[in-house]
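Chemist: A structural model of the following input is requested.
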Amino acid sequence: MRPIRKQYLYDAINFLENSEKKVGKIMLKTLYSMVRHAIERGFDPFRVFIHGFVIGKTMRFKGIRYHAKGKSGR
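Modeler: The predicted model follows:
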């Protein structure tokens, strides 16, 4: 989904509608809700720009460093 980064919202929607990837169909729902949200907030949806995104439900852990005597730190 790297090609939709740094694009306008409707360009990204057009790209994902023509994509055959599974994540594209999930992202489309999010982008359509983003259009509705932009209209409700008074923004012009044609000027909304996608800066970045986070995909996945995995929990992110900070690294743990183990020290002597059973102590640890981040």
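
Chemist: tell me what the helix or strand of the chain with the lowest mean pLDDT is packed against?
Modeler: Evaluated with mean pLDDT, DSSP states H and E, the helix-and-strand set of the chain has its lowest mean pLDDT in strand 72-73, which scores a mean of 78. Contact here means 3 or more C-beta pairs under 8 Å, 6 or more residues apart in numbering; DSSP states H and E; on that basis strand 72-73 packs against strand 65-66. Just so you know, the C-beta spots here come from the backbone N, C-alpha and C atoms, and that holds for glycine as well.

Chemist: Could you spell out the sheet neighbours of the strand it packs on, each with its direction?
Modeler: Applying DSSP bridges to the sheet, strand 65-66 is found paired with strand 72-73 (antiparallel).

Chemist: ok, and what's touching the partner strand?
Modeler: Here strand 72-73 makes contact (C-beta atoms under 8 Å, 6 or more residues apart in numbering) with I64, R65, Y66, H67.

Chemist: Then stretch 17-36?
Modeler: With C-beta under 8 Å, 6+ apart as the criterion, stretch 17-36 contacts M1, I4, L9, A12, I13, L16, P45, V48, F53, I55.

Chemist: Now for the residues you listed, which sits with the most neighbours around it?
Modeler: Neighbour counts for the contacts of stretch 17-36, by other C-beta atoms under 10 Å, peak at A12, which reaches 24 neighbours.

Chemist: Output the below-cut-off pLDDT ranges for the chain.
Modeler: Flagging of the chain using pLDDT under 70 yields the residue ranges 1, 55.

Chemist: in this protein, which residue is closest to the centre?
Modeler: By C-alpha atoms, centre = their mean, the chain has its centre lying nearest to F53, at 2.3 Å.

Chemist: how near is it to D11?
Modeler: F53 sits at a distance of 14 Å from D11 (criterion: C-beta to C-beta, to the nearest Å).

Chemist: how distant is whichever strand or helix holds G24 from the center of its chain?
Modeler: For G24, the host element (DSSP states H and E) is helix 22-41. If you compare the mean C-alpha spot of helix 22-41 with that of the full chain, they lie 11 Å apart, counting by C-alpha atoms, centre = their mean, to the nearest Å.
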